[in-house]
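Just a sequence and a predicted model for now, questions to come.
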Amino acid sequence: MAAPPRPPEDEELEPRDDPVPVPIDGVLDLHTFRPGDVGELVPAWIGACAEAGLRELRIVHGKGTGALRRSVHALLARDPRVAAHRPAGEDAGGWGATLVTLR
C-alpha cells in the first residue's frame with residue numbers, strides 16, 4: 001500500500017509559538033490548547049471577557065480524566081473576578097464544561 005501524499009512543506013503541522021486568536025464571546029473551548037497553556041490562558045481570557053462586559057461565561061474542558069477540569073476550577077477559585085462557578089447543565093456540556101459568573 002502506498003503512503004499518503006505529503007503536504008507541501010509550508011503546510012506541515014509543526015508546534016507553533018504564535019498567539020492564537022480567541023474570540024471573546026463568553027465561551028472558551030480548551031480542546032484546542034495544550035494543558036500547559038491553561039494557567040495563563042484562562043485568567044487572560046477572563047480578563048478579556050470582563051473588559052467586553054461579559055459576566056456569564058462557559059469553559060469547555062471535556063470530561064476525560066478530570067485533571068483539566070480540576071485545574072480550571074483551581075484557577076477560578078483563586079481569581080477575584082469570579083463570583084461563582086459550577087458544572088454546566090446537560091444542555092451546555094454537563095460535567096465536561098463549567099459555567100462561570102463574574103463579579
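Yes, it's here. Residues are numbered from 1 along each chain as shown.

Excluding covalently adjacent residues, which one is nearest to the residue most central in space within the chain?
Closest to where the C-alpha atoms of the chain average out (Cα atoms, centre = their mean) is Leu30, at 3.0 Å. Spatial nearest neighbour of Leu30, chain neighbours left out: His61 (5.0 Å); criterion: Cβ to Cβ, 6 or more residues apart in numbering. Quick note: C-beta positions are derived from backbone N, CA and C, even for glycine.

tell me the contacts of that neighbour?
By Cβ atoms under 8 Å, 6 or more residues apart in numbering, the contact set of His61 is Leu30, Leu68, Arg69, Val72, Gly96, Ala97, Thr98.

give me every residue that touches the fifth one.
Applying Cβ under 8 Å, 6+ apart to Gly96 gives the contacts Val60, His61, Gly62, Lys63, Arg69, Ala88.

Would you list the phi and psi of His31?
Per-residue torsions, His31: phi -60, psi -30 (degrees, to the nearest 10).

can you pull the contacts of the nearest residue to it once chain neighbours are set aside?
Nearest residue to His31 in three dimensions, chain neighbours excluded: Gly62, at 6.1 Å (Cβ to Cβ, 6+ apart). By Cβ under 8 Å, 6+ apart, Gly62 lies in contact with Leu30, His31, Leu68, Arg69, Gly96.

So which residues of this structure form helices?
Ranges of helices in the chain, per DSSP state H, are 38-51, 67-78.

could I get the ones you listed as a markdown table with distance to Ala92 and mean neighbour count?
Shown next, in a markdown table, are the helices of the chain (distance: least, Cβ to Cβ, whole Å; neighbours: other Cβ atoms under 10 Å):
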| stretch | distance to Ala92 | mean neighbour count |
| --- | --- | --- |
| helix 38-51 | 16 | 16 |
| helix 67-78 | 14 | 15 |
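
who's in contact with Leu54?
Counting by Cβ under 8 Å, 6+ apart, Leu54 has contacts Ile24, Asp25, Gly26, Leu102.

wait, the first one sits on Gly53?
No - with contact defined as Cβ atoms under 8 Å, Ile24 does not reach Gly53; the gap is 9.9 Å.

Which of those two has more residues huddled nearby?
Set side by side, Ile24 and Gly53 show more neighbours around Ile24, with 15 against 8, by other Cβ atoms under 10 Å.
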